[in-house]
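K.L.:
Just to be clear, the model below is a prediction. Sequence and coordinates:
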Amino acid sequence: MSNTSKINSNEDVLAWDLFNEGSKKRNKKVPKISTLDNRLIFETKNLFVVAGLGCFIPGYYLIITKSPYTSFAQLDDNEFEEYNWLVNKLSDKIKFFYKKNTAIFEHGMCACAGGLDHAHVHVMPAPNNGIEKIFNSSVNNVLRKRAAGISKIEFKNHTFNNVHDISTIINFNDDYKVIDGSLLKIENLEISKISFKDNRNELLLKQQYINFNLYGKNLGFCTDHYLGTQFGREMVYEFYLQSDEKTKDIFNQLSRSNPGKLIWRWQDYMFEDNIIKTMRDFSENEEKFFDKEEAIKYKFISHVIK
């Protein structure tokens, strides 16, 4: 296992200086083994992109702010334009290399929910087959697995208020009674029908939020309900379980060999080979995706060479 798992929670592990120094140490070459700081792929004026930890699907990127923002709702209009350009280019790359859709999600201001407090957006390949048909059911499946919205239940004359106990009981039994709260469904998640860009000021008033979208499709939600950490990663994992039999078989084999671990949880699986593949793939045909004038405008600099 790589030493990417050795993370000090008191450090800003998404700081720009950390990754910039890591890139200099490897002379921008794709590393043979990933570490916490050597996964930088490219930078622009205000943002940078790294290969994501827990890369259960190749082509998983994080877009991170150079400034120590706590969410992308803090971006000004110029920074947001730059961010949209990056999302478009990464989605084009994913479509070309992996023939997949692109899931884009952020858990903004997530330190209060147990996550990292430096703003970062996940960009991850999603299945290309019939995702419109399974989107709502996938969201609802993950909400149920997490017992989202339920604070207390009664089961066999005992009361439970621990989320892990509640989740286990409601997913494997029918004879329980909800005492406090109600199970959330996708129709309960939407804060506003206004676009994320135009909704930023409202989001900054929230304690935290999750924004999830499928690129180029009218599928997604933005919510301030507490849904736990890594909700977006589990969502993408659920997409593959429901619509990609080949990937599902691989995941199931891995789960059977390590029943106490969760594939979508980056702390359980780093997927080292996929991290390196993501970096190597990006170095291929780079000029095909980045117009020279736009690259100059946004101060694009690559940190991976063939």
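P.N.:
Structure's in. What do you need? Numbering: from 1, shown residues only.
K.L.:
Just list whatever residues bridge to residue 223.
P.N.:
Beta bridges link residue 223 to residue 210, judged by DSSP bridges.
K.L.:
and it, what does it touch?
P.N.:
Residues in contact with residue 223 (Cβ atoms under 8 Å, 6 or more residues apart in numbering) are 188-191, 209-210. For glycine as for every other residue, the C-beta is placed from the backbone atoms N, C-alpha and C.
K.L.:
among the residues you listed, which two are most distant?
P.N.:
Maximum pairwise distance in the contacts of residue 223, criterion Cβ to Cβ, is 14.2 Å, between 188 and 209.
K.L.:
So between the two, which is more surrounded?
P.N.:
More crowded of residue 188 and residue 209, by other Cβ atoms under 10 Å: residue 209, with 23 against 14.
K.L.:
I'd say residue 73 and residue 200 touch.
P.N.:
Yes: with contact defined as Cβ atoms under 8 Å, residue 73 counts as touching residue 200 (4.2 Å).
K.L.:
which of the two has more neighbours?
P.N.:
Per other Cβ under 10 Å, whichever of residue 73 and residue 200 has more neighbours is residue 73, with 23 against 19.
K.L.:
Please name the nearest non-neighbouring residue to residue 231.
P.N.:
Among residues not flanking residue 231 along the chain, residue 210 sits closest, at 5.8 Å (Cβ to Cβ, 6 or more residues apart in numbering).
K.L.:
how about low-confidence regions in the stretch 101-250 of the chain?
P.N.:
111-115 (pLDDT under 70).
K.L.:
what about residue 122, how many neighbours?
P.N.:
Other residues close to residue 122 by other Cβ under 10 Å number 19.
K.L.:
Strands of the stretch 201-306 of the chain, start to end?
P.N.:
For the stretch 201-306 of the chain, the strands defined by DSSP state E, counting those that start in this stretch cover 209-214, 220-223, 301-302.
K.L.:
rewinding a little: residue contacts, the residue nearest to residue 231?
P.N.:
Here residue 210 is in contact with 105-108, 221-225, 227, 231-232 (Cβ under 8 Å, 6+ apart).
K.L.:
and after the biggest helix by length in the chain, which helix or strand comes next?
P.N.:
Longest helix in the chain by number of residues (criterion: DSSP state H): helix 77-98. Downstream of helix 77-98, the first helix or strand assigned by DSSP states H and E is strand 101-108.
K.L.:
Relative to that following strand, what are the paired strands and their orientations?
P.N.:
strand 120-126 (antiparallel), strand 209-214 (antiparallel).
K.L.:
In the protein, which residue is most central in space?
P.N.:
Central residue of the chain (Cα atoms, centre = their mean): residue 122, 3.7 Å from the mean position.
K.L.:
ok, so what distance separates it from residue 202?
P.N.:
Distance from residue 122 to residue 202, counting by Cβ to Cβ, to the nearest Å: 22 Å.
K.L.:
Also residue 87?
P.N.:
Relative to residue 202, and taking Cβ to Cβ, residue 87 is found at 21 Å.
K.L.:
So for those two, which sits in the more crowded spot?
P.N.:
Taking neighbours as other Cβ under 10 Å, residue 87 and residue 202 compare with residue 87 leading, 18 against 15.
K.L.:
Tell me the spacing between the closest residue to that one other than its chain neighbours and residue 126.
P.N.:
Distances taken as Cβ to Cβ, 6+ apart place residue 104 nearest to residue 87, at 6.1 Å, with adjacent residues excluded. Residue 104 sits 9 Å away from residue 126, taking Cβ to Cβ as the criterion.
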